Structures are given as structure tokens and as C-alpha cells.
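S.K.: Structure here, sequence nowhere to be found:
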């Protein structure tokens, strides 16, 4: 996927499931890091190692789970960070959502190509639901459709989350 596609789908998914701008923003910032880190690690040989070590989901998932367990599995709140109320827990949660953005990047790449599964050095699993555009940075029709689909699912998750929190009767009154 393009960087634009990663950013949009990651932000929409995390915001739709958590309802937190802070969590979605942290994931948004990290949504292109696995690709960017290839430049830092491999330099000019980046294309040779693309979607290998930096796209191994195990690393990102493990780091996210460690951070979330340190946070007490909370969704971060900006007010807690600003006021210093249990700020360390919210900070751990923010870092966890940063690693979640990296994990989602790998998952999104699996929809349009292969990524490592059990072995970090070998691309083994992928679905090829859509093809990428030949032009660098341009979203293909398939990527746009996938992104739209994720946004619709995120919107549905956000609405269902509000219905669960407020109750159906209060939800209809709020509209």
C-alpha cells in the first residue's frame, strides 16, 4: 500500500475501535514506520530487503502487547497525560498504539502482497486482494476501494461502540 493508504486505514481503524483521537494519532504516526525503518537499516539496499525483517508481524505485536500490559490495557487520555494523573499508564498505552500502527501496516501490506509469517527473512503469506498503481505514491482503484471499506467498517464500529456505551434509546436521541 502507499503511505497515504496506510495512514488513512490505520487512523480510521484505530479511531473506530477505540474512539480515541490520541490512540488513532499515535497509530497514524507509526503507520509508515516499517517502510521508513528499511531506509534507516538497509540504506540503498532497501528494495532487496523490502517486506522482510521490518514487516515481521511478531516484532510489532509483541512490543504492542508488552506496552499494553504495562499500561493496564487502557485507552490513553490526553487529560491524564497533561494533568499527570496516572500519566505513566497513558504513556505506555500511547507507545502500545504506536506499535499497533506498525502492526497494522504489516497487516495492510498482506492484503496486497506477501509478508513474513513464521520466518522473518522470507515473504510467506499474502492475499493479493488488489494491485498497486505503477506510479509511485498513487493509490490504485483497488487500494481506494480497500481504504473505503475499512473506513465504512470503522464508522460502523464507532457507532456500535457508542450504542453499547449509551444504550440504543439514548443513541437515537443524540442524533
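M.R.: The structure has been received and is ready for your questions. Note that the structure is predicted; figures quoted are calculated from it, not measured.
S.K.: for this structure, longest helix please?
M.R.: Taking DSSP state H as the assignment, the helix of the chain that covers the most residues is helix 141-166.
S.K.: Could you list the low-pLDDT ranges of the chain?
M.R.: For the chain, residues meeting the criterion pLDDT under 70 lie at 168-175.
S.K.: Tell me which stretches of it form strands.
M.R.: Taking DSSP state E as the criterion, the chain carries its strands at 114-116, 123-126.
S.K.: Redo the ones you listed as TSV? Include mean neighbour count and distance to residue 98.
M.R.: Just so you know, the C-beta spots here come from the backbone N, C-alpha and C atoms, and that holds for glycine as well. Rendered in TSV, the data for the strands of the chain read as follows (neighbours: other CB atoms under 10 Å; distance: least, CB to CB, whole Å):
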stretch	mean neighbour count	distance to residue 98
strand 114-116	21	19
strand 123-126	14	24
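S.K.: Now distance to residue 48 too, for those, in a markdown table please.
M.R.: What follows is the strands of the chain, written out as a markdown table (distance: least, CB to CB, whole Å):
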| stretch | distance to residue 48 |
| --- | --- |
| strand 114-116 | 15 |
| strand 123-126 | 12 |
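S.K.: Indicate which one of those strands is closest to residue 12.
M.R.: Closest to residue 12 of these, according to CB to CB: strand 114-116, at 20.8 Å.
S.K.: For that closest one, which strands pair with it and how are they oriented?
M.R.: Using DSSP bridges, the neighbouring strands of strand 114-116 in the sheet come out as strand 123-126 (antiparallel).
S.K.: Measure how far the strand it pairs with is from the centre of its chain, please.
M.R.: Averaged C-alpha coordinates place strand 123-126 at 19 Å from its chain's average position (CA atoms, centre = their mean, to the nearest Å).
S.K.: List of residues touching it?
M.R.: Contacting residues not belonging to strand 123-126 are listed as 51-52, 55, 109-118 [CB atoms under 8 Å, 6 or more residues apart in numbering].
S.K.: can we see that at 6 Å?
M.R.: By CB atoms under 6 Å, 6 or more residues apart in numbering, the surrounding residues in contact with strand 123-126 are 51, 110, 113, 114, 115, 117.
S.K.: Residue 51: what's it in contact with?
M.R.: Taking CB under 6 Å, 6+ apart as the definition, contacts of residue 51 comprise 115, 123.
S.K.: What does it show for phi and psi?
M.R.: When read as degrees, to the nearest 10, the backbone of residue 51 gives phi 60, psi 40.
S.K.: where's it relative to residue 3, distance?
M.R.: Relative to residue 3, residue 51 is positioned 15 Å away (CB to CB, to the nearest Å).
S.K.: how close does residue 64 get to residue 150?
M.R.: From residue 64 across to residue 150, the span is 19 Å (CB to CB).
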